[in-house]
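[1] Predicted model follows, preceded by the sequence.
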Amino acid sequence: MITGTLAGLGRATLALLAGLGAGAIFLARTLAAMLRPPFYAREFGHALLTIGYFSLPVVGLTAIFTGAALALQIYAGGSRFEAEAVVPSIVAIGMARELGPVLGGLMVAARVASSIAAEIGTMKVTEQIDALVTLSTDPMRYLTVPRVLAATLSVPVLVAVGDSIGIFGGYLVGTGRLGFNHAVYLQNTVDFLEFWDVASGLIKGAVFGFLIALTGCFYGMNSGRGAQGVGRATKSAVVAASVLILAANYLLTEAFFSA
């Protein structure tokens, strides 16, 4: 029994290390492919549209309900200490620093990482990637690089839009439900929201976008054969992207605000 348990732990550890090594190699190959031509502008434009523009509705809906709920929670908590006036500033700072980037990144991961993994996995199953190699087209440059660049550039824009919509959701609840004055609410938002609050969220968005697309491409390229292999790759891409977003968020928050 002890031998079997140790063997199971050893297999799990070796599988984890092998996965980390494969991911590191894939990251290095992606970065190297970014630095060498050719660059497929049409694929980049298509990825920018599907990853960025088509993700706006889900990010916007997530942000407005998050900002509205955040305003209610802060008001309820602040009323215990007679600090209801902090609602506008905390909603703005919370959305810009944390909730906007993290929730936006998670929603994009659920939508985009699964889509990329399924698309590339299906291409692998149907041997379309082998056909690209036959035509002397590097799959890394044609499939991975445009998607990674598009996600890295578009997710910060989605985060900025989500921040604005989330703050607006808090404004609607604050003025319509909690009795705040319209001008005072807006003034408190502007006075307490600093440039670095917004900039840190946008940097997080860029990192999250890079991780989302990289994870989707990695699991798509390494998917198993058949429908089950593509399904496992899709599921693994979403889970891995979500975990990486949360881990990267902590590391970036520690780096930006630990002082």
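    On my side now, so go ahead. Numbering: from 1, shown residues only.
[2] Report the separation between residue 94 and residue 160.
    Counting by Cβ to Cβ, to the nearest Å, the gap from residue 94 to residue 160 is 15 Å. Where C-beta positions appear, they are placed from N, C-alpha and C, glycine not excepted.
[3] what's the answer for residue 250, then?
    22 Å.
[4] higher neighbour count, residue 94 and residue 160?
    residue 94 (21 against 18; other Cβ atoms under 10 Å).
[5] what sits up against the helix or strand harbouring that one?
    According to DSSP states H and E, residue 94 maps onto helix 87-94. Here helix 87-94 makes contact (Cβ atoms under 8 Å, 6 or more residues apart in numbering) with 67, 70-71, 74-75, 78, 166-167, 170-171, 174, 178, 180, 184-186, 188-189, 191-193, 197.
[6] After that helix, heading C-terminal, what element do we hit next?
    Following helix 87-94 toward the C-terminus (DSSP H and E): helix 100-108.
[7] if you average pLDDT over that next one, what comes out?
    On average, the pLDDT along helix 100-108 is 94.
[8] tilt between that helix and helix 87-94?
    Angle between the axes of helix 100-108 and helix 87-94 is 60 degrees (criterion: axes from the mean of the first three to the mean of the last three Cα atoms, to 10 degrees).
[9] now for helix 100-108, which elements pack on it?
    If contacts are counted by 3 or more Cβ pairs under 8 Å, 6 or more residues apart in numbering; DSSP states H and E, helix 100-108 sits against helix 56-78, helix 145-176, helix 195-221, helix 226-257.
[10] got the angle between it and helix 226-257?
    180 degrees.
[11] low-scoring stretches of the chain, by residue?
    Applying pLDDT under 70 to the chain flags residues 1, 259.
[12] domains in it, as residue ranges please.
    Per automatic domain parsing, the structural domains of the chain span 1-36, 41-257.
[13] quick one, which of the ones you listed is packed in tightest?
    For these, the largest average neighbour count (mean count of other Cβ atoms under 10 Å) is found in domain 41-257, namely a mean of 20.
[14] distance between the ends of that domain?
    37 Å (Cα to Cα, to the nearest Å).
[15] same check, this time on stretch 138-145
    Span of stretch 138-145 from end to end, Cα to Cα: 10 Å.
[16] and if you look at stretch 187-206?
    Length of stretch 187-206, first residue to last, Cα to Cα: 29 Å.
[17] Tell me the gap between it and the middle of its chain.
    18 Å (Cα atoms, centre = their mean, to the nearest Å).
[18] Stretch 115-123 too?
    Distance of stretch 115-123 from the chain centroid (Cα atoms, centre = their mean) equals 18 Å.
[19] Using PDB, write down the CA coordinates of that stretch.
    Only the C-alpha atoms of stretch 115-123 are listed here, as PDB (Å, rounded to 0.1, in the frame of the first residue of the first chain):
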ATOM      1  CA  SER A 115     -12.600  28.700 -28.200                       C
ATOM      2  CA  ILE A 116      -8.900  28.800 -29.100                       C
ATOM      3  CA  ALA A 117      -8.200  25.300 -27.600                       C
ATOM      4  CA  ALA A 118     -11.200  23.800 -29.400                       C
ATOM      5  CA  GLU A 119     -10.400  25.500 -32.700                       C
ATOM      6  CA  ILE A 120      -6.700  24.500 -32.800                       C
ATOM      7  CA  GLY A 121      -7.500  21.100 -31.300                       C
ATOM      8  CA  THR A 122      -9.900  20.400 -34.100                       C
ATOM      9  CA  MET A 123      -7.400  21.500 -36.600                       C
END
